[in-house]
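Trainee: here is my input; please provide its structure:
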Amino acid sequence: MLLPNDLIVSCQALEDEPLHSSFIMGKMALAAKQGGAKGIRANSKDDILAIKQEVDLPIIGIVKRDYSNSRVYITATTKEIDELIESGCEVIAMDATASARPEKPLSELVNYVREQAPNVELMADIATIQEAVKAEELGFDYIGTTLHGYTEDTKGEKLFENDFQFLKDVVKTVNAPVIAEGNIQTPDMLARAFELGVHAVVVGGAITRPKQITERFASQIK
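Mentor: Alright, predicted model coming up:
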């Protein structure tokens, strides 16, 4: 198992965001490590390569890319997988929801990674219990709650609702290590997720997206 039983910080900035820069993401990852993070989640080959110049932490790699024929945009095809293998990331995460895919079915993508990079682990970004079960059947090493609230079936739902009831159900249902990810905004929320038995917690926007952090503060001014 390559990922620690600890905090993982997501260091990402999309093209329309002020911090979009592989150099900045490398420094963001270094700051996260200095603050106590034991793993990083990052988007794109270039960002991962820059981050690896700064830290020696295990990296969950993804590539976000839009396809006109599918809502799946997180590591959707073998093209993205090839880029991530080249990056040297320790774990590849991919959309493992039931959404229609742009090319190959999920099972073929899993087999592709196992054949091309047998030492790389796989994380399933799921949104429902059924998807978690299916991902475990396909052999994913980790089950992440990343997409809960972002698919048609779960739109608007929050991971922390009803004292993390969805997270509780995932932990109870699958045997694979569960990674809590999605709108975890405070240290107390992180602590609660660990109390419920998750293997790791990914925190992103609450740490690494100053625009969003500022908006939360500014919204409280009447």
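Trainee: tell me which helix or strand of this structure sits lowest on mean pLDDT?
Mentor: helix 210-218 (a mean of 93; mean pLDDT, DSSP states H and E).
Trainee: gap between it and the chain center?
Mentor: With C-alpha atoms, centre = their mean, to the nearest Å as the basis, helix 210-218 stands 22 Å off its chain's centre.
Trainee: F23 - nearest residue in space that isn't next to it in sequence?
Mentor: Nearest non-adjacent residue to F23, counting by C-beta to C-beta, 6 or more residues apart in numbering: A50, 6.1 Å away. Every residue, glycine included, has its C-beta placed from N, CA and C.
Trainee: for the helix or strand where that neighbour lies, buried residues please.
Mentor: Element membership of A50 [criterion: DSSP states H and E] is helix 45-52. Across helix 45-52, burial judged by 16 or more other C-beta atoms under 10 Å covers 45, 47-52.
Trainee: tell me the contacts of the residue nearest to F23?
Mentor: 22-23, 25-26 (C-beta atoms under 8 Å, 6 or more residues apart in numbering).
Trainee: which one of the residues you listed is nearest L57?
Mentor: Proximity of those to L57, judged by C-beta to C-beta, is greatest for G26, which lies at 11.9 Å.
Trainee: ok, back up a step: from A93, how far off is the residue nearest to F23?
Mentor: Separation of A50 from A93 (C-beta to C-beta, to the nearest Å): 18 Å.
Trainee: now do I184
Mentor: On the measure of C-beta to C-beta, I184 and A93 end up 16 Å apart.
Trainee: ok, back up a step: if we look at the least confident helix or strand of the chain, which residues are touching it?
Mentor: 17-19, 205-206.
Trainee: which of those are buried?
Mentor: In the contacts of helix 210-218, the ones that pass as buried (16+ other C-beta under 10 Å) are 19, 205-206.
Trainee: now those residues in JSON lines, with pLDDT, distance to D82 and secondary structure?
Mentor: Shown next, in JSON lines, are the buried ones among the contacts of helix 210-218 (pLDDT from 0 to 100; distance: C-beta to C-beta, whole Å; DSSP: H, G, I helix; E, B strand; the rest coil):
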{"residue": "L19", "pLDDT": "95", "distance to D82": "26", "secondary structure": "coil"}
{"residue": "G205", "pLDDT": "94", "distance to D82": "28", "secondary structure": "helix"}
{"residue": "A206", "pLDDT": "96", "distance to D82": "32", "secondary structure": "helix"}
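Trainee: save these as CSV, and put in distance to E161 too.
Mentor: Output for these, formatted as CSV (distance: C-beta to C-beta, whole Å):
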residue, distance to E161
L19, 29
G205, 18
A206, 17
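Trainee: which of those residues sits closest to F160?
Mentor: Taking these together and measuring to F160 by C-beta to C-beta, the closest member is A206, at 11.9 Å.
Trainee: all good on my end, thank you.
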